[in-house]
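S.K.: I need the structure of the sequence given here:
(one chain, ligands or ions: 1)
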Amino acid sequence: MRLIFILLTCLSATFAVAHQTEKGELAVTEISNNLYQFVSYAKVEGYGLVPANGLVSIADGKGVMIDTPWTDNDTAKLLAWFRKRDIEIIASLSTHFHQDRAGGIGFLQQAGVRTYASKQTNKLLLERGKTTAKFELAVNPQIRWQSLGVSRHQLEIFFPGAGHSTDNVVVWLPETSTLYGGCFVKSSRSTHLGYTADGDTEAWPSSIEQVMKKYSDAKRVIPGHGASGGIELLKHTQQLALSLSQ
Ligand SMILES: [Zn+2]
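M.R.: Residues are numbered from 1 along each chain as shown. Predicted structure coming up:
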């Protein structure tokens, strides 16, 4: 997990960091026109301070958040950061049920943001006594979600099969050929799959295969933790999963 900190350094060097004051503080970076990446942090027992990536896609001055920060506090800060720039966050999508993806759902709902997750993610959140998303995506092997019904957002949600978790989805942003992998995709510096207790490491390689086939033209691949890269991140994740069964 110490590697994550090295990766964060790489990330900072790659992109101009728009908002970063000290270690552990929410950071927001414009990575492309109308596309922002944020990094939030939480102290996780046994791992120390863990950064997690999320995205905000903008259309017509309205934002859709892909994954929430870990905490209510950082979620509030993120909304305020965009409000200051006259951007209203109108919806969020959590790509699986863990805290680094769904921890801010309750706060977002109170703030009037439309929260989305798959039916399976909501089921897992409910089982663990966590706040569920208000709107559910239908779960099938070929989920496509072209529009939120608000603004002009072009987001495609794809359920590749189990991997990091049984409910993980990836998000395709066609305008920038960006594939947001969440925790389903590891950074190139990751030497292991990380926390897999809720996942399926046997299914992961073939689930990754589905994503490689479908989004072979991805120009940017964003993992759940650490630095972004290209489609080699998918291959790397697959190899990490395969090495477990060898
Ligand atoms: Zn997770």
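S.K.: so is stretch 90-107 next to the ion?
M.R.: Yes. Interface with the ion: stretch 90-107 contributes His98 (CB under 5 Å from the ion). (Each C-beta comes from the backbone N, C-alpha and C, glycine too.)
S.K.: how far does that stretch stretch from start to finish?
M.R.: Terminal residues of stretch 90-107 are spaced 13 Å apart (CA to CA, to the nearest Å).
S.K.: what do you get for stretch 162-178?
M.R.: End-to-end distance of stretch 162-178 (CA to CA): 21 Å.
S.K.: could you tell me how far it lies from the centre of the chain?
M.R.: 8 Å (CA atoms, centre = their mean, to the nearest Å).
S.K.: list the buried residues of that stretch.
M.R.: 162-173, 176, 178 (16 or more other CB atoms under 10 Å).
S.K.: for stretch 184-199, same thing?
M.R.: Neighbour counts over stretch 184-199 (16+ other CB under 10 Å) mark 184-190, 193-196, 198-199 as buried.
S.K.: that one near the ion anywhere?
M.R.: No. Using CB under 5 Å from the ion, stretch 184-199 never reaches the ion; the gap is at least 6.4 Å.
S.K.: any idea of the mean pLDDT for that stretch?
M.R.: For stretch 184-199, mean pLDDT rounds to 95.
S.K.: with stretch 163-172 instead?
M.R.: 95.
S.K.: start to end distance for it?
M.R.: From its first residue to its last, stretch 163-172 covers 18 Å (CA to CA).
S.K.: for the protein, where's the lowest mean pLDDT among helices and strands?
M.R.: Here the helix or strand of the chain ranked lowest by mean pLDDT, DSSP states H and E is helix 2-14, holding a mean of 35.
S.K.: perfect, I'm done here.
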